[in-house]
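> sequence plus predicted model, see below.
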Amino acid sequence: MRYVSTRGEAPAIGFWDAVLAGLAPDGGLYIPQAWPRFTDAEIAAFSGKPYAEVAAAVIGKFAGDDIVPAELLAMTREAYATFTHPAVTPVKELYPNLYLLELFHGPTLAFKDVAMQILARLYDKALKAKGRHLTIVAATSGDTGGAAVEAFRGASNARIMILFPDGRISEVQRRFMTTTGEANVANVAVQGSFDDCQTIVKDMFGDKALRQVVDLSGVNSINWARIAAQAVYYFTSAVALGAPHRKVSFVVPTGNFGDAFAGYVAKQMGLPIETITVATNSNDIVARAIETGRYVRGAVQATQSPAMDIQIASNFERLYFEAVGRDAAATALAFKTFAMPNNSDGIDIPPEALAFMRKLFAGDSVDEAQTSDEIARTLKDTGEVIDPHTAVAIRAARRIQAKDTSTPLVVLSTAHPAKFPEAVREAAGVEPRLPLAAVGLDTKTETFDRLPADADAVKAYLRNFAGAA
C-alpha cells in the first residue's frame with residue numbers, strides 16, 4: 001500500500017512513513033494511491049466479531065504487508081481494552097430507526113480516543129524500529145488534545161505539544177490535557193481561535209529546518225492513520241443494523257471534517273452508505289460548501305459545541321482531491337489560493353466536483369438556540385443526556401426523518417455530556433453523570449503556558465521544549 005499527497009509534489013510513501021509524517025512536505029495530505037475493498041461476504045462476516053478484530057481487519061487493509069496481522073490484532077486488542085464499554089462503540093436506538101453511535105467510552109470521553117489509542121501503539125512500533133525520538137505537535141478545538149496527551153503521555157520515544165485556543169474550550173476538555181504532570185507533555189493556550197492554532201501547526205510543518213531539528217510529526221486528523229481508525233466504527237455500526245444487505249445513513253457533527261471523511265473511506269471500501277449528512281454549528285463552512293458550491297471561511301464564532309468552532313476544515317482537501325478526479329495540480333492550486341491571507345472570497349468548487357460530493361454528502365447547520373432545545377427535548381423524550389455536539393447532529397437527523405424514515409439513520413455521538421456540564425445544565429437543568437475518567441480532574445494541578453497567535457513565538461517555544469533551542 002502506497003500513499004500520495006493531495007498536492008502531488010511529494011513522492012509516494014509507505015504506510016509507516018505516512019503514519020509518522022502527518023502532513024506531506026508539499027503541504028498536502030496523504031491518501032491511499034488506490035482504495036482497498038471488502039467484499040459483501042467479508043463485511044457480513046464482521047457481524048458479532050469483537051471491535052478489536054474488525055479494527056485489525058480495516059486498518060490492516062491500509063497497512064498492507066507492512067505489519068503482520070497477528071501483531072496488528074494484538075495492538076488493537078490492547079488499544080480498545082482501555083474503553084469502558086465491552087462493545088467499545090455501542091449502538092443505541094434513540095427513536096424509531098434513529099440510532100446513537102456512542103463514541104465516548106474511551107479514557108478522555110470523546111471519539112478522538114478511538115483513533116488515538118491505536119495511533120500511539122503504531123507510533124511506538126515504528127519509532128522503536130527506526131530508533132527515532134519524535135516531537136508531536138497538534139492543534140485542538142477541544143478533544144484531540146486530551147486524547148493525544150492521554151495516548152502519548154510518558155512515552156519514551158515521543159514528546160507532545162498541544163496548541164489550544166485560550167478560553168474557547170470547556171474546562172473539562174482543558175484539564176484532560178493540562179493535568180498529567182508528565183515531562184514529555186507541553187500545553188500552549190494560544191490567544192486566538194482554533195484556526196489560528198491549526199495555521200501555526202501547518203506553518204511548522206512547512207518549516208523544513210524546524211521539522212528536521214525536532215523530528216516533527218502530527219496526530220491531528222491530517223494523519224492518515226487517524227482516518228483509517230475512524231472508518232472502523234462505520235463498519236461495526238452499519239453491520240449491526242443489517243449491512244451489507246441494507247444501506248445505512250449517518251449524521252456526523254463536524255468541524256475539521258475528519259470523522260465525516262472516514263465515512264467516505266468506508267464507502268470506498270465497500271460499505272453500503274446511502275448518505276452522510278455533515279451537521280455543523282454556526283461555523284458552517286462545510287455545510288455551506290456542499291450547499292452552495294463555494295468554500296469560503298468566515299469569522300469563527302464561539303459556541304457551546306467548541307470542537308466544531310472551525311472555519312478551515314483540513315480534511316475537506318482530501319474530499320476535493322477525490323472529487324476533481326485526483327487532479328493534484330488542481331487541488332494544490334485551489335487550497336493554496338484558499339490559504340492566501342487576503343483571500344476573503346474562498347474558492348469555487350467545480351460543478352462536476354460538487355456533483356460528486358453531493359452523491360454522498362449533504363450539509364445542515366444548527367444554531368445555538370436549536371442546540372439547547374435539542375438537549376432539553378432529547379432528555380424529555382428519551383431520558384438520554386447528550387452533549388451539544390451530539391445535539392447538533394440529532395437536530396439535523398430530525399429534519400432528515402421528517403422526509404424519510406425508511407433508511408436506518410445513525411448519529412455519531414462524539415463526546416460524553418460530562419465534558420460540557422455548563423451547556424447541559426443551562427439547556428436541560430440537569431447535571432451530567434461524571435464518569436470515573438473525569439473524577440478528580442477539578443482538583444488536579446494544571447500546567448500550561450499562554451502565547452500569542454504568532455508562529456515564530458510558538459516555534460521558539462517548541463525548540464526549547466524539544467531541547468533544540
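Structure's in. What do you need? Keep in mind that what you see is a predicted model, and the values were worked out from it rather than measured.
> please, which helix or strand holds Ala238?
helix 224-240 (DSSP states H and E).
> by how many degrees do the following helix or strand past that helix and helix 224-240 diverge?
Using DSSP H and E, the helix or strand that follows helix 224-240 in sequence is strand 248-253. Strand 248-253 and helix 224-240 are oriented at 130 degrees to each other (axes from the mean of the first three to the mean of the last three C-alpha atoms, to 10 degrees).
> tell me which residues are up against strand 248-253.
For strand 248-253, the surrounding residues in contact (C-beta atoms under 8 Å, 6 or more residues apart in numbering) are 234, 237-238, 241-242, 259-260, 263, 272-280, 305, 308, 389-390, 392-394, 396-397, 400, 407-412, 414. (C-beta placed from N, C-alpha, C; glycine too.)
> can you flag which of those residues belong to strands?
Under the assignment DSSP state E, these contribute Ile273, Glu274, Thr275, Ile276, Thr277, Val278, Ala279, Thr280, Leu409, Val410, Val411, Leu412 to strands.
> between these, which has the most around it?
Ala279 (32 neighbours; other C-beta atoms under 10 Å).
> number of nearby residues for the closest residue to that residue other than its chain neighbours?
Leaving aside its sequence neighbours, Ala279 sits nearest to Ala396 (C-beta to C-beta, 6 or more residues apart in numbering; 3.9 Å). Using other C-beta under 10 Å, Ala396 has 27 neighbouring residues.
> residue contacts, Ala396?
Val251, Thr277, Ala279, Asp364, Val366.
> do you know the pLDDT at the last one?
Pointing back at Val366 there. What the model reports as pLDDT for Val366 is 97.
> quick one: contacts for it?
So Val366 contacts Ala279, Thr280, Asn281, Glu374, Ala391, Val392, Arg395, Ala396 (C-beta under 8 Å, 6+ apart).
> gap between it and Val265?
25 Å (C-beta to C-beta, to the nearest Å).
> one more: the third one?
For Ala279, the distance to Val265 under the criterion C-beta to C-beta works out to 19 Å.
> try Asp449
From Asp449 across to Val265, the span is 36 Å (C-beta to C-beta).
> those two: who's more crowded?
Per other C-beta under 10 Å, whichever of Asp449 and Val265 has more neighbours is Val265, with 22 against 10.
> ok, that one - contacts?
Counting by C-beta under 8 Å, 6+ apart, Val265 has contacts Trp35, Ile227, Ala228, Ala231.
> okay, the angle between the helix or strand containing it and helix 224-240?
Taking DSSP H and E as the criterion, Val265 maps to helix 258-268. Per the same axes, to 10 degrees, the angle that helix 258-268 makes with helix 224-240 is 60 degrees.
> now Asp449. Nearest residue, chain neighbours left out?
Val188 (5.6 Å).
> list the contacts of that neighbour.
Under the criterion of C-beta under 8 Å, 6+ apart, the neighbours of Val188 are Met161, Ile162, Leu163, Phe164, Phe448, Asp449, Arg450, Leu451, Val458, Tyr461.
> now for the contacts of Val366: which two are most distant?
Thr280 and Glu374 (14.0 Å; C-beta to C-beta).
> Ser5 touches Ala329, doesn't it?
No: counting by C-beta atoms under 8 Å, Ser5 does not reach Ala329; the two are 11.6 Å apart.
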